[in-house]
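> Just a sequence and a predicted model for now, questions to come.
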Amino acid sequence: MSAPQAALSLWMGFWCLLAQVSPTDPSSPTRLVEPEPAQAATATATAEVAPNQTGFAPVLPESTPIPQWMIVPLQWMIVWGDPNQTDSTYGIWFAHTMTWIKVLAWLSVLAWIVGRVADSVRQRRGVEWIDYGLIAGLILGLASIFVQTSFETGAIERQTLVGGLTASSLLGGLGIGLIGLWVEFTLWTTALRASERGWAIFSLIVLHLALGLGFVVAFLGSRLGYLLPIDIIPQGFRVGVTYMGLMLFVGVVLRVLDEVFRIRLARVTAIAGLTFREAARVMRAPYVLVAVFLVVLAFTHYFIQPPEELRAAELTRRYVTAIMVLVTFLVCMMVCIVLPLSLPRDIENQTVYTVVTKPVRRLEIIWGRVAGVMAVVTLVILFFGIVSGVYLNRVVSNAIDRTEREIATIQDTDPFKAEKLRDQVDELKVRSSARVPIKGSLRFTDSRGNKQVRGIDVGQEQEKRSHIEGATDAKAIWVFGDKLNDPIDEFRRDLLAKRGIDPARVPVRTISRPIPMNALLGGNTIEALEDRFYNQVREINQLEQQSRDRAATNPTEANRLRERANRLRGELDALIRQIKAIKAQDHELLTKAAQAEAAGDLAAADRLYNESARLHAPNLTFESTFIIYRTTKGLSSVGEAVLATFDIINPNRDPDAQAMIEPDDPSAKLRDRERVRPQQRLTLPILEYYTNDFEVPAGLLVGSGGNLIVEVMCVTPSQYLGVSESDLYIVQSRGGFTENFAKALFGIWLQALVITCVAVCVSSFLKWRVALLATVGFFLAGYLGFGVLTLFFEQNYLGGGPFESLVRLLTHQNQISDLAATPGVLTAKSLDAVFTPILATMAFVIPNFPALSTADLVAEGYAIGWDQLLLNTGLALAYALPFSILAYFIFNKREVAA
Amino acid sequence: MNPRASQYRKLLYAALILAIFVAMIPYSIYLDGVKAEYDLGEAQLGQVDAGDFMLNLALIGGFRGMAVNQLWMQARDHQIAQDYDQLDAKVDLITKLQPHYLTVWTYQGWNLAYNVSVEWDDVKDKYDWIKRGIKFLQKGVSKNRTTPDLMWDTAWTYYHKIGYADEAIFLRRLFHDDIDEDFRRYVDVRADNVLSPAYDDNFRLAFGWFVRSQHLVDSGLNQKTDLKAKIDFVDPPEQHKGKPGDLAFHSMPSHSLTKYAIYLEKESKLGIRPQFGEVARLAWQNALNEWQGPGFGRREFDAFNDPQGNKVYLDDYTLPPEEFAKLPETRRYWTDRWATQMNYPYWKQRAQAEMEDEGLKARELFYKGRKALKEGDFVASIEAYAAGLALWKELLDRFDSFREDTINQQDTGQIVNYYIRALKQDGREIPADTPFLELGQRYANERVRDPFDALEEIPDSLYQSIQERFRRGTSANASASAEDTLE
């Protein structure tokens, strides 16, 4: 009881602090200027990133009373110690891992205290005098919350006693003090009674020193301006607990590593084999699962309405999603049932003795069980994957065949519909492939041509897309390339520059959206050769520039650079000859093809054109999904389409270099096929809620160095075009469905891995009925409730926590109006103050299952990248490892082998 | 324990279970009877299908409501996120779980046909969604056969959403060309429930469905009159349409046929020639029959304070004055009140007038005049208008209610103004004896484009291009061609 309460008090301190760091707080030391209210959110969100010499810390106050050499170590101490500063704001590449370690550190502290206290309580006989102190502390803590709530709701008007001291903080301080005393007392008595008394006392002292260090760091940090100078004590406490946790964490890691080195694969495999046999033979879990799966699959068409004929493309989305949900639930439910039924019952029936009395390590038992269950899961997922893959393939190809047959029959009678159906067939094919999109970075200009971060808000409920006005200068601009300025930061910099802030002081982050030239241009095509040529010219120019710059300061270096440039220039001629040769070949093919065509030999012409096409890189395919917001039904009539222009611009091609590879034959210069201009404009009607695609010759990319600009304007006056960043992309490739589907199944496997480790963890200390409920609870909470928990963590909810919301629900009140401060409301709010932080903390413990699922990508026809797969595996392990190791420690502590 | 005794006990249990089952058979037969008697069985409400059954089995009892609530919220979220296909799928699941919850059908049918359809820019997409809304309502009808509301909603969507939308000329054309013949047929309740032929006009379909709804109300099946005892429903199914005295409800079949006849004589479907002559005469004849027939004109309506409790007929209002005067005063009062409320004399006389030879000929001439004006053939236009207006004058002299009505006066004024425009274009004077010249002057500044006539709706300059685009369509896919390239 004490430990959650203690954790709660810690968290409450944490939240109090968070509440004080509101963006409008004028005392915030990280403030640069007074921003416009409209930009306040953006500006303050990034206000902390202004770099100083170390590159990751906030802007320093003018005078620092701390020696210069201490600053960098102190910064690192703060970053490691403060649980608040855990995101990637400072550009630390391992920030996520750091967050993970900090969470584990806190959990280690919690587990350590709970473990010690549990030991102590177990050894006691009855209630001791000090326990009354704990009860008093708890009552005082609750009273403090109640008083604070009453004050906030206006039930009591003032609670200030003397000076700045409030009644609630007095009560809270007393309560926390009593609880702290109780914890300390319990810890010390346990340490004194421990068998290795010296070691126990030593570790206690060291941990207290770590706590003390936290206070020192917090004090110095607040002097330096990294932490707020308001509440040194809670901050120091938080930092100190993190240090304690880190120490414990290191201890845990060492101990686990030691255990890991003693693991023998043979023993793990043996345990895994036993578990596998138990699950497969004794419980017959896979057979039950397969039977349920097949029954449900056989009746899928009862549950899922096949889409209307004219939206046939919806088919994949509906079926893939449904099958993925089905497989996830079946597999995870199997794990939820099989594991809690096996381990706790082994312990209850004492069959586990036969194992633990053998020379088998406890971690081997845990990991062996996990491996055994995962073997069953793997087999089941493989089977499901094959069956549902075949099933999906059949359903989709049937739909395509059926639609194509219908197109053929109605081609003449109903051309409208035939055309619609053809779009659907195309879409269906796209969705049953795995597109790899190349995404750009979106920025806007408004109707006067000024740079903007967003377009116009037309008042839609969700501002997913912002709009550009037709027949004005308003543009949506997608920029591709390496090291692009973040548009929000850039906008902020310009804004601050107008107010006299030196732009150099305002940091602008960069984002990278380069075009993978090799993937798009191929290896030996005309375009690839030309691109290589331009790159080489660019390098030469750069070298020469550098050489000129250094001519005065460092003549030897300048000479060396010039020599390298000359060597490259020498190689350039060979490249030019190669390009000219291949172009001449292409030109010859085209001439012959034209002659053959003129002579009526179409087959030969086709063959020649194809040969010529093989010399070129394939066209670039763009896909877009814009929406339209109309202010009139049509300017002069209904039924007019809304048009958009797409300007695709290659900003980097060097015109001088281009002249060098112009073909010698002047007549060929006119042919667009051979000499693509670095800019191209297309005007297209926009079709809402379809994937509009268009192609441009790959030659446009040549010499771009991976940079491209796509400017979109709306042509039709008084209409608006709605765009978001993901609405326009280049399709790099269209992969196969099977591989993608397999990757999505792997996502389910990862989810099963996490739930298996959770199940092992809870079954290591709970009876099987409770363990079963707990595992199912974890799964459902993670699957359905993670979003809600995140809301609690972000404090991003209206109408109070669960209890206050219940009051509102029952009394039919809306989420915004203030509730009258009745005793019921006060109680509800106080209870919320107790439970909301606990729920918020759960966001760090409950696994985020939806994040591991990649089913949506498959359903929409986008490829699941290997990087994402790797990331998901990392995430799954980040959940699975701690749970299994926790299971190991608990299992170790249990006296199963006594 | 003696294994034999245990076996006996098992057998005994089995026998008992069997006996209870057998004993339940007569009881369940009795229950079925009671269900049928009180009209409580699900099959009595409408068609039951396997999907509903399976889903309800999976979510037995009270969880259904929770699931539906959750689905409804998801559907709403999908709509906000503009993911209309997912909205459609969710709504389908909701109706599978609660197929007899009428509000869901009404609301979502309207939502699909009206709200979702407007979000799509292409007229063909709009048509597709309107059709989905109508089909959704029809599915609702098939599962709830005893409610006139959903039938009326179906009819209204055919009538109003296709016929009265801003894009009506396109939508009606798409309906005209729809190869889905089932969508263009209705169950003809006046002809022994046979399926009608496939009509090419949405107003004919609206007529069929309005009649079906009206028929259900008249038959009293919706009232559950054969119940022996009144049932107190916890949540009684509410009926909104066809309550006693609902004049508008009963006028809709006549209105549908009238709209059909009116738009037959105009280019109300893009690129489809209007029809005149005998076809039009038949359409007007049907409309007239509907107005003055038992469906509306000879239907009994309440005369609330009539001492004898007599009912009134709207058609009595068009009796010769001396005969009308013979009616008792309360009946005269209520007849007058109901008939003027519905503008009955105008609609009846209009049908009578338009089906006359002069009416049919005049309409044809007006169309020719308008078309010639659009094509710049002013001489032909003037000739057609002059001849048409002469016939029109002759006709209206005989039908005073029609002539004096504002709708007609505005319409006539518009025609006169087109005539005048043709004259001006040709550089001629306006003849002093032009009929209805005063109407032309009265409405000279109130030029309204008839949105349901392609000739007026689409400006001359765009007529060809829009029709061409409509025929060809916009494809989602395009490829850069050489002429798009700019330096």
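All right, it came through fine.
> and the residue of the stretch 101-250 of chain A nearest chain B?
Closest to chain B within the stretch 101-250 of chain A is A:T153: 30.1 Å, counting by C-beta to the nearest C-beta. (Each C-beta comes from the backbone N, C-alpha and C, glycine too.)
> what about A:G385, how many residues close to it?
By the criterion of other C-beta atoms under 10 Å in any protein chain shown, A:G385 has 20 neighbours.
> Report pLDDT for the residue of the stretch 101-250 of chain A closest to chain B.
The predicted structure scores A:T153 at 81 on the pLDDT scale.
> Distance of it relative to A:V325?
Per C-beta to C-beta, to the nearest Å, A:T153 is found 43 Å from A:V325.
> Repeat that for B:Y13.
Distance of B:Y13 to A:V325, given as C-beta to C-beta: 41 Å.
> and residue 309, what is it in contact with?
Going with chain A. Residues in contact with A:E309 (C-beta atoms under 8 Å, 6 or more residues apart in numbering or on different chains) are A:403, A:406, A:421.
> actually it's chain B I care about, not the one you picked
By C-beta under 8 Å, 6+ apart, the contact list for B:G309 is empty.
> I'd say B:K393 and B:F436 touch.
Yes: at 7.0 Å, B:K393 counts as touching B:F436 under the criterion of C-beta atoms under 8 Å.
> what's the helix or strand for A:D258?
Using DSSP states H and E, A:D258 falls within helix A:232-262.
> So which bits of that helix are buried?
Neighbour-count burial for helix A:232-262, counted by 16 or more other C-beta atoms under 10 Å in any protein chain shown, picks out A:232, A:234-249, A:252, A:256, A:259.
> Tell me which helix or strand the spatially closest residue to B:D460 that is not a sequence neighbour sits in.
Using C-beta to C-beta, 6 or more residues apart in numbering or on different chains and skipping the chain neighbours, the partner closest in space to B:D460 is B:K374 (5.5 Å). Assigned by DSSP H and E, B:K374 belongs to helix B:357-375.
> What of A:R122?
A:R122 belongs to helix A:95-123 when assigned by DSSP H and E.
> of B:Y13 and A:V325, who's got more company?
In this view B:Y13 and A:V325 are compared by other C-beta under 10 Å, and A:V325 has more residues nearby, 14 against 10.
> so how many other residues sit close to the nearest residue to the more buried one once chain neighbours are set aside?
Among residues not flanking A:V325 along the chain, A:A855 sits closest, at 7.5 Å (C-beta to C-beta, 6+ apart). Around A:A855 there are 22 other residues, counting by other C-beta under 10 Å.
> can you give me the strands in chain B?
Using DSSP state E, the strands of chain B run over residues B:187-188, B:194-195, B:301-302, B:311-312, B:477-479.
> for the first one, packing partners?
Read that as strand B:187-188. Packing partners of strand B:187-188 (3 or more C-beta pairs under 8 Å, 6 or more residues apart in numbering or on different chains; DSSP states H and E): strand B:194-195, helix B:202-219.
> Output the contacting helices and strands for the first one.
The reference is to strand B:194-195. Packing contacts for strand B:194-195, counted by 3+ C-beta pairs under 8 Å, 6+ apart, involve strand B:187-188.
> how distant is the strand it packs on from the center of its chain?
Its chain's average C-alpha position is 14 Å from that of strand B:187-188, according to C-alpha atoms, centre = their mean, to the nearest Å.
> What are the contacting residues of it?
B:193-196, B:208, B:211-212.
> Pipe these into TSV and attach neighbour count, pLDDT and distance to B:Q292 per row.
TSV is the format used below for the contacts of strand B:187-188 (neighbours: other C-beta atoms under 10 Å in any protein chain shown; pLDDT from 0 to 100; distance: C-beta to C-beta, whole Å):
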residue	neighbour count	pLDDT	distance to B:Q292
B:N193	10	90	25
B:V194	11	92	25
B:L195	13	93	27
B:S196	15	94	22
B:G208	25	96	20
B:V211	24	96	16
B:R212	22	95	21
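> and A:Y629, how many residues sit next to it?
By the criterion of other C-beta under 10 Å, A:Y629 has 21 neighbours.
> can I assume it sits in a strand?
Yes: according to DSSP: H, G, I helix; E, B strand; the rest coil, A:Y629 belongs to a strand.
> Who are the contact partners of it?
For A:Y629, the contact set (C-beta under 8 Å, 6+ apart) comprises A:458, A:460, A:467, A:719-722.
> Tell me which two in those residues are the farthest apart.
A:Q460 and A:Q719 (15.0 Å; C-beta to C-beta).
> The residue of the stretch 451-600 of chain A found nearest chain B - how many residues pack around it?
Relative to chain B, the nearest point of the stretch 451-600 of chain A is A:E461 (4.7 Å; C-beta to the nearest C-beta). The number of residues packed near A:E461 is 11, by other C-beta under 10 Å.
> was I right about it contacting B:I80?
Yes: assessed by C-beta under 8 Å, A:E461 is found in contact with B:I80 at 4.7 Å.
> Where does pLDDT dip in the stretch 351-487 of chain B?
B:447-449, B:471-487 (pLDDT under 70).
> longest helix in chain A, by residue count?
Counting residues, the longest helix in chain A under DSSP state H turns out to be helix A:362-410.
> ok, and does that helix reach over to chain B?
Yes: using C-beta under 8 Å from any C-beta of the partner chain, helix A:362-410 reaches chain B at A:I410.
> What average pLDDT does that helix get?
Here the average pLDDT along helix A:362-410 is 91.
> returning to that earlier point: pick the most deeply packed of the strands of chain B.
Counting by mean count of other C-beta atoms under 10 Å in any protein chain shown, strand B:311-312 has the highest mean neighbour count of these, with a mean of 19.
> and that strand, what other elements does it pack with?
strand B:301-302, helix B:329-341.
> contact partners of that strand?
Contacts for strand B:311-312 (C-beta under 8 Å, 6+ apart): B:300-303, B:306, B:331, B:334-335, B:338.
> Perfect, that will be all.
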